Each structure stands twice: as C-alpha cells, then as structure tokens.
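> What shape does this take:
(chains A and B)
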Amino acid sequence: MKLFELRGGVHPEGRKDLSAGRHIRVLPLPKKLFVPLQQHIGAPATPLVNVGDKVLKGQLIALAQGAVSSSIHAPTSGVIAALGDFPAPHPSGLPVPTITIESDGEDKWIARDEAYDPFALTPEDIAARVGAAGIVGLGGATFPAALKLNLSRNSGVHTLIMNGGECEPYLTCDDRIMRERAGQIVEGIRLIAHAVAAKEILVGIEDNKPDAIAAMQAAAEGTPVKVVVMPSMYPMGSEKQIIQVLTGKEIPAGGRPADIGVLVHNVATAYAVQQAVCYGKPLISRIVTVSGGAIMTPCNVEALIGTPVQELIDFADGYEQPAARLVLGGPMMGQQFTHTGVPVVKGTSGVLALMQDEIGQAEPSPCIRCSTCVRACPIGLVPLEMAAHIRVSDLSGAVDLGLKDCIACGSCSYVCPAHIPLVHYFNYAKGDLAAQERTKLKQEATRKLAEARNERLARIERERAEAAARRKAAREAKERAKQEAAAKAAEEAA
Amino acid sequence: MNPITHSPHAHAPVSIGKVMGTVLLALTPATLFGFWLYGWPAINLWAVSLIAAIVGEAFVLRWQQRAVRPALMDGSGILTAWLLAMSLPPFAPWWIAVLGSLFAVVVGKQIFGGLGQNVFNPAMAARVMLLISFPLEMTSWVGPLPLGSAHAPGLLDSLRVTFLSQPLDGMASASLLGHVKTEFTRGVGLDQALAGYYAPLSALWGSRAGSLGESAAVFILLGGVFLIARRIVTWHAPLAMLLGVAVPALLFNMIDANHYAGPLVHLLSGGVMLGAFFIITDPVTSPNTATGQFIFGLGCGLLTWIIRTWGGYPEGVAFAVMLMNAATPLIDQYVKPRIYGRDRKGAALPANKGS
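Presented below is the predicted three-dimensional model:
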C-alpha cells in the first residue's frame, strides 16, 4: 500500500529491546486497589457503593455522568475500604476522589452477559456494551470509546484506522498484546468496524515490530482487516500523523477525524472491546510496560486498574540503580511522578525509571534560531518563534503562530541543541489561555447576572409605579363617580 | 525537593557546543591549507583574531555581570573570529584583526544581547567596517608563498609583517576581482585582463592572491558538504547563493564575454564559497524555514553579483549578506510552513468525508 509523507518527526533511540522480548505476565493480586473516579477525559464518575459494601470483580462501582464520561468497575472482589481522596497519578500528586477496595483474595467475578454471536448485535448494542464496560482509548488520550463510536456512526465513517504505531520509546505493551492476542484484537477490530459500518480497515504498525506485524497479518488472514507496515518515526502513533501517513488526508484544524470520514482506535482498545462485547468483561486491567535503565528486569505486566505503581516496580525486581526520574507513560509525552503509591489507571501505558544519561537534560542556553525545531515539527509550526512570544507573555502572538494547533508531541524539545523546554512553554501558554478563557466566561456570567438584576429591579420599580398609577386612577375614578353620584343625588334632591 | 520536569524525558545527543565544534571542524582543512599557502603571517593573524575575540567577549560579559564561562564555551565567539580571519588579507597588520574581532563580538553580537540576538552576521559586519574604514590595508593582497618555499617569510619576518606592518618587498599583488575592476577603469576588457592572470584550475587550488577563505575554495566546498551531511546546515541557502551568482554571471557572460566574467570566475573568487557554506548558513541571522533560506541565499548571491558587476567595490559578499540579514525578519514574517489541517492562509481545511 502506498504510504504518504509525514512532515518533520524525530528518531529517538527506541530502547524497546529492554522489554520487547518479555511475555505479558499477570501481576499478583494486590491487597489494596485505589481506583480514581476520573480516569478519562470528561466528567468524573459518581460512586454507587458505600464503605463496607462487598463488591464482586467486574461490578459497576461508579457510574458515568453526563455526555462525556466513563463508568468504573471493581477490578477484583473485596470490600470497599474507603471513599475519599488519594494521590493522583499526575505530576502534582494531588489527592483526587478515589474508591479504595480491600481485596478478599478470591477474585470472584460477577455474573457476566456473554454474547455468543457478537456480529449479530446491532451497532447500537455494540456501542452500548462498550460504554457499559467503561472502555476508554488506551493509547493515552482516554477518550470514552463508546462516545467515539456513536459520534462516528452518526456522522459516517468509511475508514477505520487501528493504531499499532507505538512510537514512544521504551513502550512495548501494544507490541506484546499484538504478538500474544492478535486473534482477539482482530475480532475486536471487526466489531468496531461493524459498529461504525466502516468499509476500509487499516492496522498501522511501525516496522520496528516485525513479530507483531507477522502475528497480526496471520490473524487478519481472510478478513477485511489490512495490516500496513509504517516506517518507525516519532510521532507516527499520533492520531493526526497516522491518518496523514495512511490516507494522505489531514483533519481540518479544530475538527475531528470523523470530519474526513476516519475513525482511529488503539489496538489495545480493540482487545478491550472484544473482551467486553464477547465476554461481558469490563475494562478492569491493562498491559503496562515497566522499563527504563534503572529497572532491574524490564517487563510487560497485565495489571488491575488501581494497582499501586510500586507493586509493578517490585514485580520487575525493583531498581538496579537509583532512578533519576520516574515517568508514567512514554518518555516523549509521559508525565513525571514522585510518589510510587499512585495507582495504575486506564491510561497508564508505561512505568519508567530513567537514569540521568537516558534523560539527557542540560541547562537551557540561548536560542540560536537554528530552526531544527521547525524541521522537526510534524504540524508545521515555528516553535522557536512561538516560544519567543510566550517568553514575553505575548500569548495572542503565539496563538497567531498556531499555538492551538500544537499537539505537544515534544519533537521540538527533543532535538533543540540549546535544550530549551519548548513544549513546556507551549503547555504553560495553553494553560494560561484556558485560565484567561475561564476568567472571561466568569466575568461574562457575572455581567449577565448583574444586568439581569438591574433589569429585574427596574422592572419591579416600573411595575410598582404602574400599580400605583393604576390605583391612583382607580381612586380618582371612584372619587369622580362618587362626586358625580353625589351631584346626581343633589340634583335629584333639588 | 524534587523539581517536576515537563516531558519529553529524553533528548537527542546535541548541544550548541557540539554544533559550533562541528562547524569549526569543517573549517579546519581550509584553514590549514591557507596556513600552508600564506605561511606564518596568516597564522599570526588567525591567532590574534581569536585571542581578541575571546578577551573582548569575556570583558563585555563581565561588565554586564553575566556568566563568562558558559557564553565563551559555546564556541560562537571563536567561530566568528575564525570566519573573520579567513576573510582578511593574510598579510594584514595585527590591529586590523584586533579591531575587527572586537567589533564583531562586542558591537556585532553582545550589544544586541549576545548569542542569538544579533541582526547582522558579526563577521561580515566587522569586515564591512574594516573595508570602509581601512581600504588600503583591506585590499593589500599578496600572492601565495607556501611554507618552505624560497620567498616565504620566516617566523621572525612574519612577526614583522603582522606586528610592525612591514610589507614584504615586491610581494604585493591584487586579488582577481580587484585586478579586473582596476583593468576595467583603464578600459581593458576581460580577455586581456584575465590573460595570464587567471586559470580556473589553479584558482580551484588557490594559487593566486586572496584571503584564506578565497584561496581554499575546494576545501571550503568540502567542509560545506560535510556540514550538510552532518545535518548542521541544509543545502537550501548554499545552493541558492551559488545559483544567485552563477545564473546571472552565465547569462551576461553569454551576452558579452568581454565585459562580464563567467560563472566559474565568480564562484571561485572572493568570498562566495566561504559565504555560501559558512556565512549565510549562520542560523542566527538567516530565516528559519527551508523556503526562506532559499530566498535568502538567492538574494545574497544576486546582490553579490550585482555589486561586483556594477558597484564601486570589487567584492560584494559582505555587503550582500548584511543587506539580506536586514531582510531576514521580513522573510520570516511572510514565509512560514503550512500548518497541519489548514491552508496556506491559515484557514481550516474543509471537512471532506470522501467515500
């Protein structure tokens, strides 16, 4: 198949060999699981359980709220130990609402609704099952999968792209799941295609995963699913880029893939969809890569959602050397964390313990305008100019240069010879703009309220005056009538 | 307290020091060849340029109460002085080098705010200042006197040449472009002016009067190719500048060969090679997109040819580069890459569901 050109991009050192050869192993059942209520884009789920309740594995414990949200299920059987705040798997480590489950060690499933012929289900039913299973995009964006299916079905999709790029260095969780569970993934892909009535189904896999390509090709034999080998390059696995490489089309600025008739899902999401639709299993575990130069035995584990990260590190035989930095996700877009008690969530693809020489951090020096960042940007931005505007707080200048089109892939920061933290500038600016936007909305709301109040007061005043005038008129009319009556009476008397 | 750092948590093995180091490495063969060709005076001049730049920059940084070491260690000041030294007449007196270097790093760079802030290429700004202030010293060329040859000045003689401004008797010679210009004013056409004065092959190997950067054209070219291969610079600006000089030279040479020198004469003389590969590829003072760099290079080449052909000075690379430096912000304003999902004007692409 003809591939299309990707602009920019970088070739970071893969380091996937650390964990790529390691089979997925199931992590031993943890004693306590910490399940945050928000593990997805959108509104947090609302808990349906109370402290002391007994729950079964797969039981719904928190329900999705509003249009964009996702439900949450008990990862194992046990007792609800706490409903309260617990440190989030986020750089801030701030506490977020979390359900704590004490495992009873039995790991006993709730009764499940299995579908014997999943392809007999209607597209609506598939989406409903995916939604009920609390599935979100497992590639990292954690967008509720059912919502994406419904939106795509309504607007019409001709091409389904399955993302097996896994362009982040170190991560091998998608590689391993494609090698070991290709059959289930292909079935999941066909279910998704069925749910959105896609005509063309492409699975894009980077050429640095030959075993995954072979396994997926074997599993896709005789199905409409087409495996496409893509060159290894970062950020090939980004939604915009994989669409561009496979179809030659671009998502219009500010739009969604559905605008050009495309739907993109991650291969691990397809596996979760298959498990949910065929076996009624909600999303309560995921494959996580534990790797990095500081980890003794890098590996891939299937961990229950809510498992403290420390247990994954222990499972990998702990540290070989003290880690210079701990990262959740891949090194290019992952987030640093400090507290290893934080839980694995639906979007956790990797736990990395990196050494200083792997990070390659140095003091930033002045920009020499070498424009390496311009050549690396897969979007076609001019990062050095944007950063120069943000440095002097000219955020609107940065927006004019395309700040809002930035996908924060980190290619520019990665190649900058001056070690300028360009993405940091952009995310700071995006955050500041969002705050400004909120302030503006708030001011707008306040102004509207004040105007409404003034109007109300004026109306009351007006009504009062009118009422008074009416009363006066009535009184006068009465008076006049009385006088007239008196005059009439006098006349008659006279 | 462990400070939280933003992604990416990986970095390409690059730094400004490494970039500058690679450029210096690319300059070394041409420089060594120049040293051999012009002997000790050239070495003296080169050393004086570098020392003046380092001392001058350190002094200014100190004065501004900024950290001296990191700014000096990035190698940018050394590169500037090195490039300036390669554009000077090899037998020029020491104070030319000192004045030029100080002007380059202090006025050309630090006054604008240091590395990355200057509008004009510091080496070219210094060269232009020297040329209009000291035209005699800046146009006193000598023919090549390779180290070890009969007339080559020894170490002691060379110190006299550099530091006491004692010219070597009978060694003065005009550069090719200067010679042609002078002959034109006497009404002598190109065919006679070039006869016995110019042979393309020997020009390639530097056996004629000129600066280090002019005489070592072939090594400059090799250094430039090395920089492109190492992805320190791209081919856009250099190729555009060579085209900007060669295309009009070829056209006019075809119209009137006696009046307009051909493309080879233009490409291999003066600062065109040094300019194309080492001067206009200076990232600070050139545009930041490939298209912008091509326009920039083309402008540098065209202006060079125009100044050489119709201007008052025999050589125009430094003037051309400075003029185009001034146009760089304008080029960057209008030449930007197309953003993903948008058309050239920045409007969102239309939704197209296709089939």
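> Confirm that A:Ala67 sits in a helix.
No: looking at A:Ala67 with DSSP: H, G, I helix; E, B strand; the rest coil, it is coil, so not inside a helix.
> contacting residues around the closest residue to it other than its chain neighbours?
Nearest non-adjacent residue to A:Ala67, counting by C-beta to C-beta, 6 or more residues apart in numbering or on different chains: A:Leu147, 7.2 Å away. The C-beta positions use only the backbone N, C-alpha and C, and glycine is treated the same way. When contacts are counted by C-beta atoms under 8 Å, 6 or more residues apart in numbering or on different chains, A:Leu147 touches A:Ala67, A:Val68, A:Gly131.
> Which residues are in contact with the spatially closest residue to the second one that is not a sequence neighbour?
With C-beta to C-beta, 6+ apart as the criterion, A:Val68 has its nearest non-adjacent residue at 3.2 Å, and that residue is A:Gly42. By C-beta under 8 Å, 6+ apart, the contact list for A:Gly42 reads A:Gly66, A:Ala67, A:Val68, A:Ser69, A:Ser70, A:Pro144.
> Most neighbours out of those, which is it?
A:Ser70 (29 neighbours; other C-beta atoms under 10 Å in any protein chain shown).
> Please look at it and A:Pro36 and confirm they touch.
No: here A:Ser70 does not reach A:Pro36: they are 11.5 Å apart, not a contact under C-beta atoms under 8 Å.
> since we're on the closest residue to chain B within the stretch 51-200 of chain A, how many residues are nearby?
Distance from chain B to each residue of the stretch 51-200 of chain A (C-beta to the nearest C-beta) is smallest for A:Pro91, at 4.6 Å. A:Pro91 is flanked by 16 other residues according to other C-beta under 10 Å.
> I'd say it and A:Gln336 touch.
Yes: counting by C-beta under 8 Å, A:Pro91 does reach A:Gln336; the two are 5.3 Å apart.
> Need the overlap of contacts for those two.
Common neighbours of A:Pro91 and A:Gln336, using C-beta under 8 Å, 6+ apart, are B:Ile4.
> remind me which residues of the stretch 1-150 of chain B are low pLDDT?
Scanning the stretch 1-150 of chain B for pLDDT under 70 picks out the ranges B:1-3, B:148, B:150.
> the strands in it, which residues?
For the stretch 1-150 of chain B, the strands defined by DSSP state E, counting those that start in this stretch cover B:141-142.
> hey, where'd the helices end up in it?
Counting by DSSP state H, counting those that start in this stretch, the stretch 1-150 of chain B has helices at residues B:16-38, B:40-63, B:68-73, B:76-87, B:94-102, B:122-133, B:135-138.
> Turn the ones you listed into JSON lines, including distance to A:Pro12.
Shown next, in JSON lines, are those (distance: least, C-beta to C-beta, whole Å):
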{"stretch": "helix B:16-38", "distance to A:Pro12": "17"}
{"stretch": "helix B:40-63", "distance to A:Pro12": "35"}
{"stretch": "helix B:68-73", "distance to A:Pro12": "26"}
{"stretch": "helix B:76-87", "distance to A:Pro12": "27"}
{"stretch": "helix B:94-102", "distance to A:Pro12": "40"}
{"stretch": "helix B:122-133", "distance to A:Pro12": "34"}
{"stretch": "helix B:135-138", "distance to A:Pro12": "49"}
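> want to try TSV for those helices, with mean neighbour count as columns?
Conversion of those to TSV gives the following (neighbours: other C-beta atoms under 10 Å in any protein chain shown):
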stretch	mean neighbour count
helix B:16-38	20
helix B:40-63	21
helix B:68-73	15
helix B:76-87	27
helix B:94-102	23
helix B:122-133	23
helix B:135-138	14
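> Chain A: which of the ones you listed is closest?
The nearest among the helices of the stretch 1-150 of chain B, by C-beta to the nearest C-beta, is helix B:16-38 at 5.2 Å.
> and that closest one, C-alpha only, in CSV?
The C-alpha coordinates for helix B:16-38 follow below in CSV (Å, rounded to 0.1, in the frame of the first residue of the first chain):
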residue,chain,number,x,y,z
ILE,B,16,25.2,24.3,20.9
GLY,B,17,28.8,23.5,21.8
LYS,B,18,28.7,20.4,19.6
VAL,B,19,27.1,22.3,16.7
MET,B,20,29.8,25.0,16.9
GLY,B,21,32.5,22.4,17.3
THR,B,22,31.4,20.6,14.1
VAL,B,23,31.4,23.9,12.2
LEU,B,24,35.0,24.6,13.4
LEU,B,25,36.0,21.1,12.4
ALA,B,26,34.6,21.7,8.9
LEU,B,27,36.6,24.9,8.7
THR,B,28,39.9,23.3,9.7
PRO,B,29,41.1,21.7,6.4
ALA,B,30,40.6,25.0,4.6
THR,B,31,42.3,26.9,7.3
LEU,B,32,45.3,24.5,7.4
PHE,B,33,45.6,24.8,3.7
GLY,B,34,45.5,28.6,4.0
PHE,B,35,48.2,28.4,6.6
TRP,B,36,50.4,26.4,4.3
LEU,B,37,49.7,28.7,1.4
TYR,B,38,50.4,32.0,3.1
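> Can you give me the buried ones in stretch B:278-298?
B:278-290, B:292-298 (16 or more other C-beta atoms under 10 Å in any protein chain shown).
> Adding distance to chain A, write the helices of the stretch 1-150 of chain B out as a markdown table.
Shown next, in a markdown table, are the helices of the stretch 1-150 of chain B (distance: least, C-beta to the nearest C-beta, whole Å):
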| stretch | distance to chain A |
| --- | --- |
| helix B:16-38 | 5 |
| helix B:40-63 | 13 |
| helix B:68-73 | 7 |
| helix B:76-87 | 8 |
| helix B:94-102 | 20 |
| helix B:122-133 | 13 |
| helix B:135-138 | 29 |
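> I'd assumed B:Ala348 was in contact with A:Gly255.
Yes: using C-beta under 8 Å, A:Gly255 is in contact with B:Ala348, at 6.8 Å.
> what is in contact with these two at once?
Residues touching both A:Gly255 and B:Ala348 (C-beta under 8 Å, 6+ apart) are B:Gly341.
> ok so, going back, if we ignore the residues flanking it in sequence, what's nearest the residue of the stretch 51-200 of chain A closest to chain B?
B:Ile4 (4.6 Å).
> how many other residues sit next to the one you found?
Neighbours of B:Ile4 under the rule other C-beta under 10 Å: 14.
> Three-state assignment for B:Gly297, please.
helix.
> Could I get the contacting residues of it?
B:His236, B:Ala237, B:Pro238, B:Leu239, B:Ala240, B:Met241, B:Leu243, B:Gly244, B:Ala276, B:Ile280.
> Against B:Ile280, how distant is A:Pro331?
36 Å (C-beta to C-beta, to the nearest Å).
> pretty sure B:Val284 is touching B:Gly113, no?
No: under the criterion of C-beta under 8 Å, B:Val284 makes no contact with B:Gly113, lying 11.0 Å away.
> show me the contacts for residue 74.
In the absence of a named chain, this looks at chain A. A:Ala74 touches A:Val35, A:Val55, A:Leu56, A:Lys57, A:Gly58, A:Gln59, A:Ile61, A:Ile101, A:Ile284, counting by C-beta under 8 Å, 6+ apart.
> wrong chain, I was asking about chain B
B:Asp74 neighbours (C-beta under 8 Å, 6+ apart): A:Ser365, B:Ile16, B:Gly17, B:Met20, B:Leu115.
> Sweet, I'm off.
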